[in-house]
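Enquirer: need the 3D shape of this:
(one chain, ligands or ions: 2)
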Amino acid sequence: MPEGNRMAGFGPSVFAEVSARASQVGAINLAQGFPDFDGPDFVREAARRAIAEGHGQYARTHGLPALNEAIAARCHARGMACDPHAEVTVTSGATEALAAAVLGLCEHGDEVVVIEPAYDSYLGSLRMAGARPLPVTLRPARGAAGGWALDLDALHAAMARKPRALLLNTPHNPTGAVLDRTTLAAVAEACVRHDVLCISDEVYEELVYEGEHISIATMPGMAERTVTVSSLGKTFSLTGWKIGWAVAPSPLTRALRAVHQFLTFSTATPLQHAAVTALQAAPDYYDGLRSAFRARRDLLASGLASLGFEVEPPAGTYFICAGIRDFGMDDRAMVDHLLTHAGVAVIPPSAFHLDPALGHDYVRVAFCKRPETLDAALARLRDWRARRPA
Ligand code: PMP
Ligand code: GLN
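Expert: Ligands and ions are numbered 1, 2, ... in the order given. Below you'll find the predicted structure:
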């Protein structure tokens with residue numbers, strides 16, 4: 001039997017690989033981005049209620065009406081007017097929304113601009129569609145918001161090729177960069193000028209500590225060409241629920257729904273009921289979330305800095321990219337070394353890069369963990385540092 005080769009070269013994801021190794025060796029997992037605590041009681045209680053009430057059958061394909069309405073209300077509050085039933089699609093996590101958008105909107109051979117380092121599912125989805133990534137690099141830039149800046153010359157050169165779409169991610173995984181208004185205006189202007197669609201991944205929209213999150217769909221000329229993607233996972237510390245959504249004008253929505261109906265058809269009904277409750281959370285829920293994560297960011301950032309990592313606290317997300325130049329190893333070697341000798345798991349950022357020369361001088365460390373987990377990991381790292389010859 002010949003093997004299918006469409007996805008040749010895509011093995012288990014770096015997250016699955018490092019998490020499996022972490023549990024084999026008993027390492028503390030600061031690698032894969034999932035909280036080691038559960039989501040808020042009021043949301044879990046809503047899910048229990050929905051199950052008890054018997055909401056056990058398929059939901060409407062593009063989402064439970066009340067959830068589409070809650071998502072549209074949220075968009076509206078951010079200056080993105082949308083029709084809940086014609087322009088909002090509930091998906092199985094942001095991952096499915098991104099895949100449905102790429103598969104529904106990009107043809108074989110189309111070029112798609114990707115900001116690298118790039119979240120791994122983007123390249124997987126592009127490969128499934130037969131589309132080709134055109135990388136534009138986000139580079140360390142001391143002094144810029146969060147310490148990273150988009151290479152605008154490279155962006156303009158890529159956009160001049162008139163790609164089909166641009167895949168944007170802000171707040172950005174893995175760097176923690178939050179793209180500022182000037183950068184987003186340049187991206188938006190290039191999309192409009194060259195008639196390029198934008199697929200905007202905003203799953204970390206609520207996790208911003210410095211600057212502000214701006215949805216690119218709110219910028220001039222962008223509403224009609226943008227698919228805005230988000231999910232419940234990061235905002236409600238419920239990554240395992242896989243409730244996500246895509247918001248886009250109806251012609252784009254029709255194209256992505258045509259894919260969604262065959263990828264998953266619909267998404268877990270009782271969890272959609274609970275998602276409605278989640279999205280009705282009062283503003284102090286979000287303030288509490290941000291202040292808890294900001295404190296963990298600061299704890300991890302100062303702990304890593306005191307051990308010789310180069311740290312610029314991230315403006316958003318729950319990841320720190322910590323420079324490892326002082327340790328004389330590249331990122332993969334450092335990940336192996338820390339797993340074996342410190343008992344702490346982190347992610348090698350070269351896995352997020354298309355250019356094999358990039359991403360070797362830092363590691364990604366997640367702080368979406370209980371403070372006691374971060375303290376325990378820092379204690380292990382201090383012990384490792386004390387044992388390691390200078
Ligand atoms: N985009 C980015 C940038 C992510 O970090 C993640 C990881 N959760 C996703 C998308 C996937 O989100 P979900 O779990 O909702 O599918
Ligand atoms: N988004 C998570 C991260 O970046 C991982 C999600 C996954 O494992 N696919 O760590």
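Enquirer: show me which positions of the lengthiest helix in the chain end up buried.
Expert: Ranked by number of residues, the top helix in the chain under DSSP state H is helix 283-306. For helix 283-306, a neighbour-count test (16 or more other Cβ atoms under 10 Å) marks Tyr285, Leu289, Phe293, Arg294, Arg296, Arg297, Leu300, Ala301, Gly303, Leu304, Ala305 as buried. (Each C-beta comes from the backbone N, C-alpha and C, glycine too.)
Enquirer: ok, the residue in the stretch 101-250 of the chain positioned nearest to ligand 1 to Leu300 distance?
Expert: Nearest residue of the stretch 101-250 of the chain to ligand 1: Ser231, at 3.2 Å (Cβ to the nearest ligand atom). For Ser231, the distance to Leu300 equals 24 Å [Cβ to Cβ, to the nearest Å].
Enquirer: how about the residue in the stretch 151-300 of the chain that ligand 2 sits nearest to: what's its closest non-neighbour residue?
Expert: Scanning the stretch 151-300 of the chain for the residue nearest ligand 2 gives Asn173, at 5.1 Å (criterion: Cβ to the nearest ligand atom). Excluding the flanking residues, the one nearest Asn173 by Cβ to Cβ, 6 or more residues apart in numbering is Tyr119, at 5.2 Å.
Enquirer: dump the residue contacts of the one you found.
Expert: Taking Cβ atoms under 8 Å, 6 or more residues apart in numbering as the criterion, Tyr119 is in contact with Asn169, Asn173, Pro174, Asp201, Phe352.
Enquirer: tell me the phi and psi of it?
Expert: Note on Tyr119: its backbone torsions stand at phi -60, psi 140 [degrees, to the nearest 10].
Enquirer: helices along this protein, start to end?
Expert: All helices of the chain, identified by DSSP H, fall at 14-25, 41-52, 65-77, 93-105, 120-129, 152-159, 181-194, 232-235, 250-263, 269-279, 283-306, 331-337, 371-387.
Enquirer: mind listing what the nearest residue in space to Gly323 that is not next to it in sequence touches?
Expert: Leaving aside its sequence neighbours, Gly323 sits nearest to Glu310 (Cβ to Cβ, 6+ apart; 3.0 Å). Neighbouring residues of Glu310 by Cβ under 8 Å, 6+ apart: Ala322, Gly323, Ile324, Arg325, Asp326, Tyr362.
Enquirer: can you tell me how far Glu310 sits from ligand 1?
Expert: Going from Glu310 to ligand 1 by Cβ to the nearest ligand atom, to the nearest Å gives 23 Å.
Enquirer: now do that residue, the pLDDT please.
Expert: The model reports Glu310 with a pLDDT of 95.
Enquirer: over to Pro389?
Expert: pLDDT for Pro389: 69.
Enquirer: same check, this time on Leu152
Expert: Looking at Leu152, its pLDDT stands at 94.
Enquirer: contacts only, for the residue nearest to it when sequence neighbours are not counted.
Expert: Using Cβ to Cβ, 6+ apart and skipping the chain neighbours, the partner closest in space to Leu152 is Ala186 (5.6 Å). For Ala186, the contact set (Cβ under 8 Å, 6+ apart) comprises Leu150, Leu152, Leu155.
Enquirer: can you count the residues close to the first one?
Expert: It stands for Leu150. Neighbourhood size, Leu150 [other Cβ atoms under 10 Å]: 24.
Enquirer: contacting residues for it?
Expert: Leu150 makes contact with Ile115, Val136, Thr137, Leu138, Arg139, Leu179, Thr183, Ala186, Val187, according to Cβ under 8 Å, 6+ apart.
Enquirer: now the buried members of the residues you listed.
Expert: Buried among the contacts of Leu150 (16+ other Cβ under 10 Å): Ile115, Val136, Thr137, Leu138, Leu179, Thr183, Ala186, Val187.
Enquirer: for the second one, give me its contacts.
Expert: Applying Cβ under 8 Å, 6+ apart, one finds that Val136 lies in contact with Val113, Val114, Ile115, Glu116, Leu150, Asp151, Ala154, Leu155, Ala158.
Enquirer: could you redo the last one with a cut-off of 10 Å?
Expert: Listed by Cβ atoms under 10 Å, 6 or more residues apart in numbering, the contact partners of Val136 are 113-116, 118, 150-159, 166, 187.
Enquirer: please apply the same query to Thr340.
Expert: Counted by Cβ under 10 Å, 6+ apart, Thr340 has contacts Arg21, Val25, Ala27, Trp384.
Enquirer: state the pLDDT value of the third one.
Expert: Here the pLDDT value assigned to Ala27 is 98.
Enquirer: distance from the chain centre to the longest helix of the chain, please.
Expert: From the chain centre to the centre of helix 283-306 is a distance of 18 Å (Cα atoms, centre = their mean, to the nearest Å).
Enquirer: for it, output the C-alpha coordinates as PDB.
Expert: Listed next in PDB are the C-alpha coordinates belonging to helix 283-306 (Å, rounded to 0.1, in the frame of the first residue of the first chain):
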ATOM      1  CA  PRO A 283     -14.800  42.800  33.400                       C
ATOM      2  CA  ASP A 284     -13.200  42.000  36.800                       C
ATOM      3  CA  TYR A 285     -12.700  38.300  35.600                       C
ATOM      4  CA  TYR A 286     -10.400  39.600  32.900                       C
ATOM      5  CA  ASP A 287      -8.600  42.000  35.300                       C
ATOM      6  CA  GLY A 288      -8.000  39.100  37.700                       C
ATOM      7  CA  LEU A 289      -6.700  36.800  34.900                       C
ATOM      8  CA  ARG A 290      -4.200  39.500  33.700                       C
ATOM      9  CA  SER A 291      -3.000  40.400  37.100                       C
ATOM     10  CA  ALA A 292      -2.500  36.700  38.100                       C
ATOM     11  CA  PHE A 293      -0.500  36.000  34.900                       C
ATOM     12  CA  ARG A 294       1.400  39.300  35.200                       C
ATOM     13  CA  ALA A 295       2.700  38.300  38.600                       C
ATOM     14  CA  ARG A 296       3.700  34.800  37.300                       C
ATOM     15  CA  ARG A 297       5.500  36.500  34.300                       C
ATOM     16  CA  ASP A 298       7.400  38.700  36.700                       C
ATOM     17  CA  LEU A 299       8.300  35.800  39.000                       C
ATOM     18  CA  LEU A 300       9.600  33.700  36.100                       C
ATOM     19  CA  ALA A 301      11.300  36.600  34.400                       C
ATOM     20  CA  SER A 302      13.300  37.700  37.400                       C
ATOM     21  CA  GLY A 303      14.100  34.100  38.400                       C
ATOM     22  CA  LEU A 304      15.400  33.300  34.900                       C
ATOM     23  CA  ALA A 305      17.400  36.500  34.700                       C
ATOM     24  CA  SER A 306      19.100  35.800  38.000                       C
END
